Each structure stands twice: as structure tokens, then as C-alpha cells.
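1. Here is the input, now give the coordinates:
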Amino acid sequence: MRKGYSRSQNFVVGLIAGNGGAILSADLWKRIVLTKKNELMKTDFDNTENEALSIARVSGSAVMLNKIYNESNLETMKRMPNGFVDYVLTSPPYNVGKNGLNGEGKKYDIHNDSMTSDKYLNQQISLIKELLRVTKKHVFYNIQMLSGNKLSLMKLMGVFSENIKEIIIWNKKHGVPAMEPGVFNSAYEYIIIFSNDQPQKRKFYDCDFRGNQNNVFLIQNSHSNKYSDVHKAVMPLDIPRYFMQLFGKENDIWYDPYNGTATTSIGAIMEKKNFIGSEISTEYFDLGNNRILNEANQTSLF
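-> Model (predicted):
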């Protein structure tokens, strides 16, 4: 980080340039203003250092960095070349069924969260295939096993058995009481790590921990996230920040195809990473952009 610059000023901003694209080092920006619908306005542009303009693998792509797209994730990924992002971290719809998630309502109002087992399985197979195509390293895929997705989830692990590098158990410390008698309270979720980097081995080559990381996480459940009253399946900010601290390097690109309330994006800002998000719900899209704006204001642009 350059001396005298704030974290936000060193935050990398993506900009479309003609028909292609460019990564602009944030050292070129002295002020960044996020306006409605995630548009970017720049002022006091300093272009005195040519090396700050990095035309990287974003060139030729119609996808901007540090932007949420209000569209289907498959539409966003169509515009990504192979190996475009470094990592993916996401939590898909759980196919919770007609009664919703723990009786609290569906994760998406505009998404059919009560598919047949085969339809849900095929949807997630298509998604993960695309995620593995556009990702250089790993896909961190957080899902809770429910009656509506249990069969699909077990089959999904079989389909991608050669791509699964590790499975982490997220122990949420407390399970919401089950609605039906004879059903265990669900106090854990899976974080399945699909990988393009020697997935047959459990060793990760893009981090250097040794003997001090467990594959069972003890992290407070999602209701520690203040947006849980709006979005019924939010992720704690601790999870993306943990993986971003552990894996890769500064300015890596992290993609969330189910961006929701922008928890992955906020984690990326805090950990000096680049982010891309896809969110089909306009409500969550707007909420996520407002949340990003609030984070930028808190970290001070000036």
C-alpha cells in the first residue's frame, strides 16, 4: 500500500475501455464515488505513472471488476474467458421447498426454491461446470443439507467427485429447532471445495499453513449478520474473510454467482481483493450496492 493513501484509495477498480476492458490500479484514483446502480464516477484522475495502468487478463472481456451484475450468473459467466477469476465463494439457493427455510420464508422471492430433485441437480451441475471453467483455483461452495436438496446434494458430490479437494464442516454452534417432529436440528453446513489445482490431493498449494487449520469451523450462525431479517440465508462475514486471508494474494479476483447481500464483496474490500458478483434479485442487488457504498464511506475515501 502506498504511503499516504487510504485502504479505499488502494482498492482496485475495474473500468470498461472501449470493447475491451482494463484493470486500473487504485493508485490512479484519488476519489471514487459510487452512484445508483453501481455506476462509477471518477474525479482528480492522476495518470502520471504509466506502470499503474495494468492491462491484464481482463482485456477483451466485457466483465468489470468490483461490480455486481443484476442478472443470471450464467449470463455473467458467458462473458468470462477460461480462468478469468482466481476464486469463487458462494452459497446457492438450498431448494428449501414450499415451507421455506426453517419456516422463515424462501431465500429468493423470484426464484423457484421448490424444484424437483432432478431439476435442482441439473441446475447446480451446469453452474459448477461453468464455475470450474472460469476459475483458476478453487470454488468454495457453502450449502446446508435439507430435505429438499438431500438427494441432489449427494448426487452432486458424486458427479464432481474428481474435483472435490476438501469438505469443510461449518459448525454454527446452534441449530434452529426443527419444524417437524423426529428431525434433528441442523447445526452444521458444508463448505465443499471444488478445485482445478490438483483436486486429487488434499494439499493446497496457494497457502502456507501447517498443522494449525482444522476442517471443522466454529463460527456463529448466519443471524450474526444484520441482514438476516431481509435475506433468509445470509452468510457471516467471517467466512469469506477467513478464506481470503488464507488463500491467494492481494488483488486476486473473487467471484460470487449468488451475491445476495454482498457479503463476499464486502469481505473482498476488507481483505484488499477484487470482486465480481451476480445477483438476479433487484432487491438484493440494490441492497448489496448500498452496503458496498456504506463500507466505502466507513473506510474513508479521502
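2. for the protein, what spans make up the helices?
-> With DSSP state H as the criterion, the chain has helices at 73-78, 117-134, 150-159, 238-246, 263-270, 282-299.
3. So which bits of the shortest one are buried?
-> What that stands for is helix 73-78. Buried residues in helix 73-78, counted by 16 or more other C-beta atoms under 10 Å: N73, T76, M77. Using the backbone N, CA and C atoms, a C-beta is placed for each residue, glycine as well.
4. which one of these is nearest A178?
-> Within the buried residues of helix 73-78, the smallest distance to A178 is 30.8 Å, found for N73 (C-beta to C-beta).
5. Out of the helices of the chain, which is closest to T90?
-> Here helix 263-270 is closest among the helices of the chain (C-beta to C-beta), at 7.1 Å.
6. Export the closest one to PDB, keeping only CA atoms.
-> The C-alpha trace of helix 263-270 is given here as PDB (Å, rounded to 0.1, in the frame of the first residue of the first chain):
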ATOM      1  CA  THR A 263     -21.100 -10.400   1.900                       C
ATOM      2  CA  THR A 264     -18.400 -11.800  -0.300                       C
ATOM      3  CA  SER A 265     -17.900  -8.400  -1.900                       C
ATOM      4  CA  ILE A 266     -17.600  -6.700   1.400                       C
ATOM      5  CA  GLY A 267     -15.100  -9.300   2.500                       C
ATOM      6  CA  ALA A 268     -13.100  -8.600  -0.600                       C
ATOM      7  CA  ILE A 269     -13.000  -4.900   0.000                       C
ATOM      8  CA  MET A 270     -11.800  -5.500   3.600                       C
END
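7. elements contacting that helix?
-> strand 85-90, helix 238-246, strand 253-256, strand 274-278, helix 282-299 (3 or more C-beta pairs under 8 Å, 6 or more residues apart in numbering; DSSP states H and E).
8. orientation of the last one relative to helix 263-270 in degrees?
-> Right, the one you point to is helix 282-299. 20 degrees (axes from the mean of the first three to the mean of the last three C-alpha atoms, to 10 degrees).
9. got the buried residues for helix 282-299?
-> Buried residues in helix 282-299 (16+ other C-beta under 10 Å): Y284, F285, D286, L287, G288, N289, R291, I292, E295, A296.
10. Identify, from those, the entry nearest to Y242.
-> Set against Y242, the nearest of the buried residues of helix 282-299 by C-beta to C-beta is E295 (17.8 Å).
11. For E250, the count of nearby residues, please.
-> Per other C-beta atoms under 10 Å, the neighbour tally for E250 reads 12.
12. what's the distance between the nearest residue to it once chain neighbours are set aside and E295?
-> Spatial nearest neighbour of E250, chain neighbours left out: K272 (4.8 Å); criterion: C-beta to C-beta, 6 or more residues apart in numbering. K272 is 13 Å from E295, where distance means C-beta to C-beta, to the nearest Å.
13. OK, contacts around A268?
-> Shown in contact with A268 (C-beta atoms under 8 Å, 6 or more residues apart in numbering): P240, M244, W254, N274, F275.
14. possible to save those as CSV with pLDDT, neighbour count and distance to E162?
-> As requested, the contacts of A268 are arranged in CSV below (pLDDT from 0 to 100; neighbours: other C-beta atoms under 10 Å; distance: C-beta to C-beta, whole Å):
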residue, pLDDT, neighbour count, distance to E162
P240, 96, 27, 26
M244, 97, 22, 26
W254, 98, 27, 24
N274, 97, 25, 29
F275, 97, 29, 28
